[in-house]
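Peer 1: quick one, fold the following:
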Amino acid sequence: MTKALHDGLVIPAHPLALTAERILDERRQRALTRYYMAAGAGGVAVGVHSTQFEIRDKEVGLFEPVLRLAAEEVDRAELGRPFLKIAGICGPTEQALAEADIAVGLGYDAGLASMGGLRDWTEAQHLRRIEQIARRIPVIGFYLQPSVGGRVFSYDFWRQLADIPGVVAIKMAPFNRYQTIDVVRAVCSSSRRDEIALYTGNDDNIVADLLTTYRFMVAGQLVEKVIVGGLLGHWAVWTHKAVELLEQIKQIRGDAAVAREWLTRNIEVTDSNAAFFDPAHGFAGCIPGIHEVLRRQGLMAGRWCLNPHEELSPGQMEEIDRVYRAYPNLHDDAFVKEHLAEWLAD
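Peer 2: Numbering: from 1, shown residues only. Got it, this is the predicted structure:
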């Protein structure tokens, strides 16, 4: 796992396929996992925001079944290459440890430890929670933007988190350059900096994040760090093209000069993300936006979410139409059409 994680991977945040009755659509849930593997992704993150946090509700009871389905498909595939199974881990310490134990039992490689929903906790309490989770399963830290349930953490918090044995990566998704720099600088200042892989979750700056070399002076030594890959809800769609994108970036990363075309590409990807993730309405339509793209491709039967009130925002459908027309170079409809029948087969 370690080498693959540090080489840099496309890791989609796995959505949840439902029927019109809002019941788990097992056939299409399996098809999604097959799609991500076939598209060349390096893993999937299951039980995260894109999988819908409501899977943890007692009356829904889908956390373990959904993690199990993905694990079964990955294990059955025998890809002959690394494909990481990452479990979303949420809630107070007792809940988080229980979820970590489920993930370990299903053969998951790491846990993406969300700190959302714990706004009244001190940074010290958060660090103790991460330490305990890391004793059960390798941890990917997660800087979640405040607008969707996260909070701002200090540089010192990330500096201490980087020192925790068992933290193997950090996903940065504050959608904020200052806060992203805090994390990278903190990791560079840690003696464990070479043990921690950095991943972008900044949907508003994906390409630029992946192209940037961060450089800091640490105790008189010049230290460099790059963001090697992405763990993204955005990469739950058009995944085949996302894999191509990351491979192209790897080939030019470190060059003395980067073509201006890459700055334009960054804007194209961000513009597409805005249609899917709906920042115009505080990201209210982000999950239905992902579902709509997958519905158009035939991977999902509909946009249904566990919360019946969760739907596309006004004008969002038109925005998705627009980016489809504007950026045909970014979608993988032809790839999905070619293989859809085999992914949907029992």
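Peer 1: where do the strands sit along the stretch 1-150 of the chain?
Peer 2: 10-12, 43-46, 84-89, 110-113, 139-144 (DSSP state E, counting those that start in this stretch).
Peer 1: next one: the stretch 201-346 of the chain
Peer 2: So, for the stretch 201-346 of the chain - with DSSP E, counting those that start in this stretch - the strands run 213-218, 221-232.
Peer 1: could the ones you listed go into JSON lines alongside distance to Ala77 and mean pLDDT?
Peer 2: (C-beta placed from N, C-alpha, C; glycine too.) Putting these into JSON lines (distance: least, Cβ to Cβ, whole Å; pLDDT from 0 to 100) gives the following:
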{"stretch": "strand 213-218", "distance to Ala77": "34", "mean pLDDT": "95"}
{"stretch": "strand 221-232", "distance to Ala77": "20", "mean pLDDT": "96"}
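Peer 1: so where is this structure shaky, pLDDT-wise?
Peer 2: Residues of the chain that meet the criterion pLDDT under 70 lie in 256.
Peer 1: residues contacting the residue sitting furthest away from the middle of it?
Peer 2: Largest separation from the mean C-alpha position in the chain: Gly220, at 34.6 Å (Cα atoms, centre = their mean). Contacts for Gly220 (Cβ atoms under 8 Å, 6 or more residues apart in numbering) come out as none.
Peer 1: what distance do you get for it to Phe276?
Peer 2: Relative to Phe276, Gly220 is positioned 45 Å away (Cβ to Cβ, to the nearest Å).
Peer 1: Asp255 too?
Peer 2: Applying Cβ to Cβ to Asp255 and Phe276 gives a distance of 30 Å.
Peer 1: so if I had to pick from those two, which one is more boxed in?
Peer 2: Neighbour count, other Cβ atoms under 10 Å: between Asp255 and Phe276, Phe276 has more, with 25 against 9.
Peer 1: got a list of what the more buried one touches?
Peer 2: His234, Val237, Cys286, Gly289, Ile290, Glu292, Val293, Ile320.
Peer 1: the same query, at a cut-off of 7 Å, please.
Peer 2: With contact taken as Cβ atoms under 7 Å, 6 or more residues apart in numbering, Phe276 is in contact with His234, Val237, Cys286, Gly289, Ile290, Val293, Ile320.
Peer 1: surely the fifth one touches Pro15?
Peer 2: Yes. With contacts defined as Cβ atoms under 7 Å, Ile290 counts as touching Pro15 at a distance of 5.5 Å.
Peer 1: the closest residue to Glu268 other than its chain neighbours: neighbour count?
Peer 2: Among residues not flanking Glu268 along the chain, Tyr327 sits closest, at 5.2 Å (Cβ to Cβ, 6 or more residues apart in numbering). When neighbours are defined as other Cβ under 10 Å, Tyr327 has 17 of them.
Peer 1: go on, Glu338?
Peer 2: Neighbourhood size, Glu338 [other Cβ under 10 Å]: 11.
Peer 1: relative to Asp182, how far out is the residue farthest from the centre of the chain?
Peer 2: Going from Gly220 to Asp182 by Cβ to Cβ gives 21 Å.
Peer 1: and for Asp75?
Peer 2: 38 Å.
Peer 1: more neighbours: the two, which one.
Peer 2: Remark: of Asp75 and Asp182, Asp182 carries more neighbours, 22 against 13, as counted by other Cβ under 10 Å.
Peer 1: what strand or helix carries the more buried one?
Peer 2: Per DSSP states H and E: Asp182 is located in helix 177-188.
Peer 1: buried residues, the following helix or strand past that helix. List them.
Peer 2: Along the chain past helix 177-188, the next helix or strand (assigned with DSSP H and E) turns out to be strand 197-200. Under the neighbour-count criterion of 16 or more other Cβ atoms under 10 Å, strand 197-200 has Ala197, Leu198, Tyr199, Thr200 buried.
Peer 1: how about stretch 89-98?
Peer 2: Ile89, Cys90, Gly91, Thr93, Ala96, Leu97.
Peer 1: just stretch 309-321 next, same as before
Peer 2: Result for stretch 309-321 [16+ other Cβ under 10 Å]: buried residues Glu310, Glu311, Leu312, Ser313, Gln316, Met317, Glu319, Ile320.
Peer 1: repeat for stretch 238-248
Peer 2: Quick answer for stretch 238-248 (16+ other Cβ under 10 Å): Trp238, Thr239, His240, Lys241, Ala242, Val243, Glu244, Leu245, Leu246.
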